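>>> prediction below, plus the sequence it came from.
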Amino acid sequence: AQKITQTQPGMFVQEKEAVTLDCTYDTSDPSYGLFWYKQPSSGEMIFLIYQGSYDQQNATEGRYSLNFQKARKSANLVISASQLGDSAMYFCAMREIVRTGANSKLTFGKGITLSVRP
Amino acid sequence: GAVVSQHPSWVICKSGTSVKIECRSLDFQATTMFWYRQFPKQSLMLMATSNEGSKATYEQGVEKDKFLINHASLTLSTLTVTSAHPEDSSFYICSARGSREGSPLHFGNGTRLTVT
């Protein structure tokens, strides 16, 4: 079973509008972290936002906010006031915290392509 | 500024040759680095976890003898694609994270490998 699911096809949004990118996850680990990364056409991976499983409040970073619904196992990214430069692929990722202390890896979803229209 | 530097950003090589890709953490020590591979329009697939001073941990299906990983210092990990073939052509990205809980993975800018 997929641990991170991003099922939306290519997304389009009008400049200055808000857009929500969906992400659901599956884990039995009680402690985990959720991440969103942006990958423009240049290929670099840009960290956007982080949500810990025990965080009481939804994470926010500037125009990015994470709609974290733990019971539904969803961690949707909301981008407000879209800009042309937001056009990119967006990846949701999860790290399951290994209690043994070993470094735990990130598992990525398939990604969503976002296109911002002028 | 970039906290993980990856070099080269692109490389073209002939079949049968080997290619080395370097990944450096610039302003922090990384006891663990991760190597990912990405095909066009697809997700990042973890290849291996590189541990400083010890052997790398490879994901299932990744050939250890083909993708040699060396993590000789706390700031440098290298991935060597040995006897490269056209099917090895891909985008390879390294990453490292700080020790603080919740620290994100910082990624290098990736290396686009083309094997002719």
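All right, it came through fine.

>>> can you give me phi and psi for the nearest residue to B:Gln6 once chain neighbours are set aside?
Once flanking residues are discounted, B:Gln6 sits nearest to B:Gly108: 2.7 Å by CB to CB, 6 or more residues apart in numbering or on different chains. For every residue, glycine as well, the C-beta is placed using N, CA and C. Main-chain torsions, B:Gly108, degrees, to the nearest 10: phi -70, psi 170.

>>> looking at the sheet around the closest residue to B:Thr75 other than its chain neighbours, what are its partners?
Leaving out its chain neighbours, the residue that sits closest to B:Thr75 by CB to CB, 6+ apart is B:Ser25, at 4.9 Å. Counting by DSSP bridges, B:Ser25 forms beta bridges with B:Val4.

>>> am I right that B:Ser25 is in contact with B:Met33?
Yes - the criterion here is CB atoms under 8 Å, and B:Ser25 meets it with B:Met33 at 7.5 Å.

>>> any residues in contact with both of these two?
Taking CB atoms under 8 Å, 6 or more residues apart in numbering or on different chains as the criterion, B:Ser25 and B:Met33 both touch B:Ala96.

>>> picking that back up, for the residue nearest to B:Thr75, the count of nearby residues, please.
Residues lying near B:Ser25 (other CB atoms under 10 Å in any protein chain shown) number 24.

>>> got a list of what it touches?
B:3-4, B:33, B:74-76, B:96, B:106.

>>> how far does the helix or strand bottoming out on mean pLDDT in chain B sit from the chain's center?
When each helix and strand of chain B is scored by mean pLDDT, DSSP states H and E, strand B:105-107 comes last, with a mean of 85. Mean-position distance between strand B:105-107 and its chain equals 12 Å (CA atoms, centre = their mean, to the nearest Å).

>>> please apply the same query to stretch B:107-116.
9 Å.

>>> and stretch A:27-47, by the same measure?
The answer for stretch A:27-47 is 6 Å, by CA atoms, centre = their mean.

>>> what's the answer for stretch A:26-37, then?
11 Å.

>>> identify the residue nearest residue 23 in space, chain neighbours excluded?
Defaulting to chain A. Per CB to CB, 6+ apart, closest to A:Cys23 is A:Cys92, 3.5 Å.

>>> wrong one, I was asking about chain B
B:Cys94 (3.4 Å).

>>> test my guess that A:Leu77 contacts A:Phe35.
No - the criterion here is CB under 8 Å, and A:Leu77 misses it with A:Phe35 at 10.0 Å.

>>> mutual contacts of these two, please.
Joint contacts of A:Leu77 and A:Phe35 (CB under 8 Å, 6+ apart) are A:48-49, A:92.

>>> state the pLDDT value of residue 9.
You didn't say which chain, so I picked chain A. We note a pLDDT of 82 for A:Pro9 in this prediction.

>>> not quite, I wanted chain B
94.

>>> again with B:Gly1
52.

>>> what does chain B put close to chain A?
Within reach of chain A by CB under 8 Å from any CB of the partner chain, chain B has these residues: B:31-32, B:34, B:41-46, B:49, B:51, B:91, B:93, B:95, B:97, B:101-102, B:104-107, B:109-110, B:112.
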